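> coords please:
(one chain, ligands or ions: 1)
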Amino acid sequence: MGTTTGPAFTFAAPGRLVFGAGRSAELPDLVAEFGVRPLVVTGSNPSRHAELLASLGDPAVATVKGEPTLGAVRQAVDAARTAEADVVVGVGGGAVLDTAKAVAGLAASESDPLDHLEVVGLGLPLPPVVLPWIGVPTTAGTGSEMTNNAVVTSLEHGVKASIRGRSLLAEVALVDPLLTLECPPAVTASSGLDALTQCLEAYVTHQANPLTDGFCREGLRRAASGLRRAYADGSDVSARTDMALCAALSGLALANAKLGAVHGFAGPLGGMIGAAHGTICASLLPSATRVNVAALTARGDGTALARYTEAAEIITGRGDVAALLAWLDETNELLGVPGLADLGLTEDRLDEAVAKGQASSSMKGNPITLTEDELQQILRAALD
Ligand SMILES: NC(=O)c1ccc[n+]([C@@H]2O[C@H](COP(=O)([O-])OP(=O)(O)OC[C@H]3O[C@@H](n4cnc5c(N)ncnc54)[C@H](O)[C@@H]3O)[C@@H](O)[C@H]2O)c1
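Sure, this is the predicted structure:
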């Protein structure tokens, strides 16, 4: 008699998700649960969140400008050690949250970030003692408050790589859509399209599981409802709430499934051309989806194609992949997403990008193994 085995998977998430408009007011109480000497990591303009920071008294503050480099992480770790911080709070976009996460992982030991960085560092396991951290996103994009990795740029190697470990999961992800109301349209577009990409890639990957599927479906639904509206009117709380939820769900999904070709390229390209992560993802999404669909069709892989069809139904109301592709093109047009050439990618670097993309871990989550030629097609179509 045959037996059927059900799905087998592991699911990991932060200790708690506190979600809702206005809920950042709960930050002082949440911090007090974990420590008395917080270090707040925030962006280069701390006055943007002056009220929230003041609600914590007079905390030690470390600021991050741009993408987190090894140098920036070292500085923030030093700040935490000097302040003898016992809890870390990240208030900002994904760059800030990743820095806060790395600080939480390293500050309680003698470790240097390079000891634990994958790919170009030693990739050692994290120290046994880490600090608790609370993630408070102010963009709706990366879902970094939900994941167990901190993406760090090594300028020396021209590469973005992760410090990763289960102990990097936040104690609390505090997601308040009101904190994203001031995001300018370009940040709303790039971070929102990053969240949408994460939901779509984690939905079509062969490493999806029933929990991530549920998160992706809801995330896609929220992106379809909120992305264009949040871009058109940043003060639209309902649209901002849709996108904050989409981002949080996308983080849960990517951390427990896999991503695909867009993120396979986005990591290496971020190191090569230094453009913002979300913008790179946004510019790649339509062409990567188009090439994936063509490859799946040509090679007769119906399983992932069915996933794209479901995504089309969720986003456009039409169970037709062509409608999804048209919606993605139109959205990039409406949201003014630049091409990769405008972001600094030149034709003579396409081979390098393909080689680096093929070696990236996200590429392994793509629903189909793409040929070098197909990978080139994705980049070429995304150039302008
Ligand atoms: N760890 C993960 O799971 C994960 C996943 C995806 C991406 N990432 C990383 O996240 C980073 C990208 O994060 P991001 O897209 O949020 O961009 P970001 O953190 O670089 O922020 C983009 C810009 O928006 C500004 N900003 C942030 N909040 C604002 C607000 N409320 N109002 C006005 N301006 C605001 C920032 O100062 C910055 O100039 C990259 O470094 C990427 O590698 C991490």
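> only C-alpha atoms from now on, for both contacts and neighbour counts.
Noted.
> now do the strands in the chain.
16-19, 38-43, 60-64, 87-92, 133-137, 149-154, 159-164, 172-175 (DSSP state E).
> and of the ones you listed, who's closest to A80?
The closest of those to A80 is strand 38-43. By CA to CA, the value is 6.0 Å.
> okay, the closest one in CSV with CA atoms only?
Extracted C-alpha coordinates of strand 38-43, given in CSV (Å, rounded to 0.1, in the frame of the first residue of the first chain):
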residue,chain,number,x,y,z
PRO,A,38,19.6,50.6,24.8
LEU,A,39,21.7,51.4,21.8
VAL,A,40,19.6,52.9,19.0
VAL,A,41,20.9,52.4,15.5
THR,A,42,19.3,54.8,13.0
GLY,A,43,19.8,56.6,9.7
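> which strands and helices sit next to it?
Contacts defined by 3 or more CA pairs under 8 Å, 6 or more residues apart in numbering; DSSP states H and E place strand 38-43 against strand 60-64, helix 70-82, strand 87-92, helix 94-106.
> which among these is found nearest to G264?
Using CA to CA, those put helix 94-106 closest to G264, at 17.8 Å.
> contact residues of the chain facing the ligand?
43, 66-67, 92-96, 98, 138-139, 141-142, 144, 147, 149-151, 179-180, 182-184, 187, 191, 277-278 (CA under 6 Å from any ligand atom).
> I'd say A381 and S287 touch.
Yes - counting by CA atoms under 8 Å, A381 touches S287, with 6.0 Å between them.
> comparing these two, which shows the higher neighbour count?
S287 (22 against 17; other CA atoms under 10 Å).
> residues contacting that one?
The contact partners of S287, by CA atoms under 8 Å, 6 or more residues apart in numbering, come to Q377, I378, L379, A381, A382.
> ok, now with 6 Å
I378, A381 (CA atoms under 6 Å, 6 or more residues apart in numbering).
> E156 now?
No contacts exist for E156 under CA under 6 Å, 6+ apart.
> distance check, it against E145.
Look at E156 and E145: by CA to CA, to the nearest Å, they are 27 Å apart.
> can you check V136 too?
Taking CA to CA, one finds V136 at 7 Å from E145.
> what do you get for P68?
For P68, the distance to E145 - CA to CA - is 15 Å.
> among these two, which residue is more densely surrounded?
A count of neighbours by other CA under 10 Å puts E145 above the other of P68 and E145, at 34 against 24.
> which non-adjacent residue is nearest the more buried one?
Leaving out its chain neighbours, the residue that sits closest to E145 by CA to CA, 6 or more residues apart in numbering is G135, at 4.9 Å.
> what sits opposite the one you found in the beta ladder?
G90, A173 (DSSP bridges).
> just checking, it touches M146?
No - taking contacts as CA atoms under 6 Å, G135 lies outside contact range of M146: 8.3 Å.
> the helix-or-strand element of the chain with minimal mean pLDDT - contacts with which helices or strands?
Lowest on mean pLDDT, DSSP states H and E among the helices and strands of the chain sits strand 159-164, with a mean of 90. Secondary-structure packing of strand 159-164 (3 or more CA pairs under 6 Å, 6 or more residues apart in numbering; DSSP states H and E): strand 149-154, helix 261-273.
> picking up where we left off before, and the helices and strands packed on strand 38-43, which is most packed in?
Ranked by mean neighbour count, the helices and strands packed on strand 38-43 are led by helix 94-106 with a mean of 31 (mean count of other CA atoms under 10 Å).
> next, the angle strand 159-164 makes with that helix.
For helix 94-106 against strand 159-164, the angle by axes from the mean of the first three to the mean of the last three CA atoms, to 10 degrees is 50 degrees.
> re earlier: okay, the strands of the chain in a markdown table with distance to A322 next?
Shown next, in a markdown table, are the strands of the chain (distance: least, CA to CA, whole Å):
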| stretch | distance to A322 |
| --- | --- |
| strand 16-19 | 35 |
| strand 38-43 | 40 |
| strand 60-64 | 41 |
| strand 87-92 | 36 |
| strand 133-137 | 34 |
| strand 149-154 | 34 |
| strand 159-164 | 33 |
| strand 172-175 | 34 |
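> which among those is found nearest to D115?
Closest among the strands of the chain, using CA to CA: strand 159-164, at 9.2 Å.
> the closest one: how far from the chain's middle?
13 Å (CA atoms, centre = their mean, to the nearest Å).
> direction included, what does that strand pair up with?
Here strand 159-164 is paired, per DSSP bridges, with strand 149-154 (antiparallel).
> and the partner strand with helix 70-82, angle?
120 degrees.
> who touches strand 149-154?
Strand 149-154 is contacted by residues P68, T69, L70, D98, A102, V159, K160, A161, S162, I163, R164 when judged by CA under 6 Å, 6+ apart.
> show me which pair in these is furthest apart.
Farthest-apart pair in the contacts of strand 149-154 is A102 and V159; separation 16.8 Å (CA to CA).
> I am finished for the moment; much appreciated.
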